[in-house]
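Enquirer: 3D model of this:
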Amino acid sequence: MLGRMFTRPVFADMARSGNWQQALSFLVEHGLLRPTADQQPLASLFDSACKEMRRGYRNEFVYKAEIASRIVFGRHSPKTASLHVELPVGRSIVDVAVFNGTSTAYEIKTEFDTPRRLTTQTSDYLSAFDRVCLVTHPRCAEMYSEIVDPRVGILALTERGSLRPMREPLSNRENVSPQTVFGCLQRAEYVECISRKIGEPVIKPSGIIQAYCSEIFQQFTPLEAHDIFAKALRKRKTDGDTVRFVTALPESLRVLGYATPLSGRQKETALSALRENISFRLA
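Expert: This next block holds a predicted model:
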């Protein structure tokens, strides 16, 4: 039930209305909140819930939160590394993707998951990303290392929340598919790189511009296509507004800050609600 707190609909509801009681009404309905004499910011309630999940129910969101905290906010910086959640690539969707000087896809397999579709997923990721990592429970790491492509790295989420490397990913940027990369780009992004390629602005009817640019994009080498991919996706989430917002969020909500499309006003409403002092704690 606590896992429902960390979903995009709940976060978006709070950002739109600023009414946390409405967004989290299901906690009251199920007796998971109780009054207390001590007040705390609403943000602390989310952090407490996430801590409880780390201890007793390590679902996919817990893994995503640890990747954001330890990779983007720990190893790198949100100013220089972007995080994308559930990014479509080929026929699959990457759980978490990080872009800094290169690209890394993180496929999460918790202890509650099965290897179903894993071969297809990692094949799609290897057609666009330089590095691909599978993140799993320590007791599942050996099993997955035997069935995934040897280029795929293996990370184990330990009981203490650290990401322990079990096998390093191999660089794959020379093998990416320009066609797959093109499918990951937005129109403004591919039009810009095609304009540079042909040395003049792309002026085509809207009905054929995608097909026209796709044909030219196939002329890029895998290294060139990957470089365009990494730079474009990094730029999407490292603008000043995004960085300020996700940095101001409690650690437990940063993944949702990246994943939930919000207007500037909605972002301020969410932050204001999270600063509000409440007289409730988890039961």
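Enquirer: count of neighbours near the residue lying closest to G264 once chain neighbours are set aside?
Expert: Distances taken as Cβ to Cβ, 6 or more residues apart in numbering place D241 nearest to G264, at 6.8 Å, with adjacent residues excluded. All C-beta spots, glycine's among them, are computed from the backbone N, C-alpha and C. D241: 9 surrounding residues under other Cβ atoms under 10 Å.
Enquirer: Three-state assignment for D241, please.
Expert: Here D241 is recorded as helix under DSSP: H, G, I helix; E, B strand; the rest coil.
Enquirer: likewise D95?
Expert: strand.
Enquirer: Now do R275 against A43, distance only.
Expert: Here R275 is placed at a distance of 7 Å from A43 (Cβ to Cβ, to the nearest Å).
Enquirer: now the residue sitting furthest away from the middle of the chain: how far from P138?
Expert: Relative to the C-alpha centroid of the chain, counting by Cα atoms, centre = their mean, A37 is the outermost residue, at 37.0 Å. As judged by Cβ to Cβ, A37 and P138 stand 41 Å apart.
Enquirer: What segments of the stretch 1-150 of the chain are helices?
Expert: Assigned by DSSP state H, counting those that start in this stretch, the stretch 1-150 of the chain shows helices spanning 8-17, 20-23, 25-29, 42-56, 60-67, 118-126, 138-147.
Enquirer: The fifth one vs helix 42-56, what angle?
Expert: By that I understand helix 60-67. Interaxial angle of helix 60-67 relative to helix 42-56 (axes from the mean of the first three to the mean of the last three Cα atoms, to 10 degrees): 110 degrees.
Enquirer: shaky segments in the stretch 51-200 of the chain?
Expert: Within the stretch 51-200 of the chain, no stretch has pLDDT under 70.
Enquirer: show me what contacts P250?
Expert: A43, S44, F46, D47, L274 (Cβ atoms under 8 Å, 6 or more residues apart in numbering).
Enquirer: which residues touch the residue lying closest to Q179 once chain neighbours are set aside?
Expert: The shortest distance from Q179 to any non-neighbouring residue, by Cβ to Cβ, 6+ apart, is to Q218 (6.4 Å). When contacts are counted by Cβ under 8 Å, 6+ apart, Q218 touches P178, Q179, F182.
Enquirer: partners of the most centrally placed residue in the chain in the sheet?
Expert: By Cα atoms, centre = their mean, the chain has its centre lying nearest to V85, at 2.5 Å. With DSSP bridges applied, V85 shows beta-bridge pairing to V96.
Enquirer: which residues touch it?
Expert: Counting by Cβ under 8 Å, 6+ apart, V85 makes contact with K64, D95, V96, V255, Y258, A259.
Enquirer: Distance of it relative to L24?
Expert: 21 Å.
Enquirer: just E107 next, same as before
Expert: According to Cβ to Cβ, E107 and L24 sit 30 Å apart.
Enquirer: swap in D130?
Expert: D130 is 40 Å from L24, by Cβ to Cβ.
Enquirer: The residue lying closest to R117 once chain neighbours are set aside - how many residues pack around it?
Expert: Distances taken as Cβ to Cβ, 6+ apart put S92 closest to R117, at 7.6 Å, once the chain neighbours are dropped. Other residues near S92 come to 19 when the count uses other Cβ under 10 Å.
Enquirer: One more: the one 5 residues further on?
Expert: A count of neighbours around A97, defined by other Cβ under 10 Å, yields 25.
Enquirer: Now do the same contact list for it.
Expert: L83, H84, L87, S103, T104, A105, Y106, F129, L233.
Enquirer: how does it look with 7 Å?
Expert: Residues near A97 by Cβ atoms under 7 Å, 6 or more residues apart in numbering: H84, L87, S103, T104, A105.
Enquirer: Which two among the residues you listed are spaced furthest apart?
Expert: L87 and T104 (11.6 Å; Cβ to Cβ).
Enquirer: Between these two, point out the one with more neighbours.
Expert: A direct count of neighbours by other Cβ under 10 Å for L87 and T104 places T104 higher, at 22 against 19.
Enquirer: What's opposite the more buried one in the beta bridge?
Expert: Taking DSSP bridges, one finds V98, R131 as the beta-bridge partners of T104.
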